[in-house]
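>>> The following block contains a protein sequence and its predicted model.
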Amino acid sequence: MVLLRLDSLALSRSRFALSPFAETLSTMIVLSRPCTEPWLTAWHARHHAAFRARLDADPFTRGLVMLCSSTKYLPDHLVLPPPGGMGTTLESELVEVARVPDTAVRSSLVQSVADSWEHHDLDWLTGHAHAARSAELFREVWQEHVAADWPGRRAMLERDVTYRAGLLAAHGWPRALHQMSRRSAWVGSDTIRFSDRPGPDRMVGPDGMLFVPVSGPRGAWLCEAPGRPYALVYPARGAGGQAEGERRDPARSERAVARLIGAGRAAILSELERPATTSELAALLGQSLGTVGGHLAVLREAELLVSTRVGRRVVYQRTELGDLLADAGLGSGSSAAKPT
């Protein structure tokens, strides 16, 4: 069992961050496997063939990606903590990855092979500049399979942060971290159980931790680097949805609710299955801030939602009445969380 033990200052200084690099790694793992999540089927079908062609064309790419998708120990040079908080850029992360020396890359790949549940070798690890080649691979995958979706993905990730920040303000870190991943849990007053597999505990110092959501449907990993805070990558809430066959037939009831309160307000009410700010809703729905703000005012007056302030953000969430209307007429799950 791997435990993250936080000192007395770590809790107050822990924070959230975004990582385009971790998002790209999560995407690569999803594309390397058969699609098992119904809500990802269309996106996976559009990208899978091109991604597999890339793997087949380059032994280094294939070896690295297939190892990452079948090991309990991700290579160290691919799990560096994001350096820029919520404003982290892919380029800033790629620069750090490319600097890792070949000896360190090979050493961690040997550990990844040892901890894999499939058979791997390192015959593909030829030449030199392994970290720089990895960084270039991530840049290309980002450009081809992630960049076009990033605004929508980022909005969904920011919503997860907003949701957890609200829980943090009201209830503290244990509640904010609840169900971040299938294996992580808060243990006692100052300890996070990160994994149930054997491994050394980590001591989290006064700089605290980073918590980094990604849109992949599963998987969590720990990022670490000397002199940097640990970062826990986890699947964001709302990264998936129900299968079509598991839903009630929504078309008729959706039209009825849209006629009742208007299509724009119905879309906002559906999106507010998870709390969000005006700007997040505007980005997700492709509407102006003024339009969304007007709809929110009407829905709030109708007591279908309420607003609360979390730091500098005003977060909207459905009331019990709003939940009843949404559940009856709009189904559950949000199409905006699906990669497109």
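Everything's here; your move. Numbers count the residues shown, from 1 in each chain.
>>> Where do the helices of the stretch 201-340 of the chain begin and end?
With DSSP state H, counting those that start in this stretch, the ranges of helices along the stretch 201-340 of the chain come out as 251-261, 263-271, 278-285, 289-301, 320-329.
>>> Mind putting the ones you listed into TSV with mean pLDDT, mean neighbour count and distance to residue 42?
All C-beta spots, glycine's among them, are computed from the backbone N, C-alpha and C. Below are the helices of the stretch 201-340 of the chain laid out as TSV (pLDDT from 0 to 100; neighbours: other CB atoms under 10 Å; distance: least, CB to CB, whole Å):
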stretch	mean pLDDT	mean neighbour count	distance to residue 42
helix 251-261	61	13	18
helix 263-271	86	21	19
helix 278-285	90	20	18
helix 289-301	90	16	26
helix 320-329	71	16	24
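>>> wait, which of those helices is closest to residue 223?
helix 278-285 (25.2 Å; CB to CB).
>>> quick one, that closest one and helix 289-301 angle?
Between helix 278-285 and helix 289-301, the angle comes out at 110 degrees (axes from the mean of the first three to the mean of the last three CA atoms, to 10 degrees).
>>> please renumber so the chain begins at 44
In the new numbering, first residue 44, that becomes helix 321-328.
>>> re earlier: closest one to residue 249 among the helices of the stretch 244-383 of the chain?
That would be helix 321-328 among these, by CB to CB, at 31.7 Å.
>>> to the chain's geometric centre, what's the distance from that closest one?
From the chain centre to the centre of helix 321-328 is a distance of 18 Å (CA atoms, centre = their mean, to the nearest Å).
>>> Can you tell me what sits against that helix?
Identification of contacts with helix 321-328 by CB atoms under 8 Å, 6 or more residues apart in numbering yields 194-195, 198-199, 201-202, 205, 307, 310-311, 314-315, 319, 330-332, 334-336, 339, 357, 359, 379.
>>> remind me, longest helix of this protein?
What stands out as the longest helix in the chain, according to DSSP state H, is helix 193-214.
>>> Show me what the helix or strand following that one is packed against.
Under the assignment DSSP states H and E, the closest C-terminal helix or strand after helix 193-214 is helix 216-219. Under the contact definition 3 or more CB pairs under 8 Å, 6 or more residues apart in numbering; DSSP states H and E, helix 216-219 sits against helix 193-214.
>>> Tell me the span between the first and last residue of stretch 58-67.
21 Å (CA to CA, to the nearest Å).
>>> Which residues outside that stretch are in contact with it?
121, 123-125, 127-133, 136-137, 140, 181, 184-185, 188-189, 193, 196-197, 200-201, 204, 207-208, 251-259, 266, 274, 276.
>>> Next, the distance between the ends of stretch 74-83.
Per CA to CA, the first residue of stretch 74-83 is 10 Å away from its last.
>>> model confidence over it, on average?
Per-residue pLDDT over stretch 74-83 has a mean of 87.
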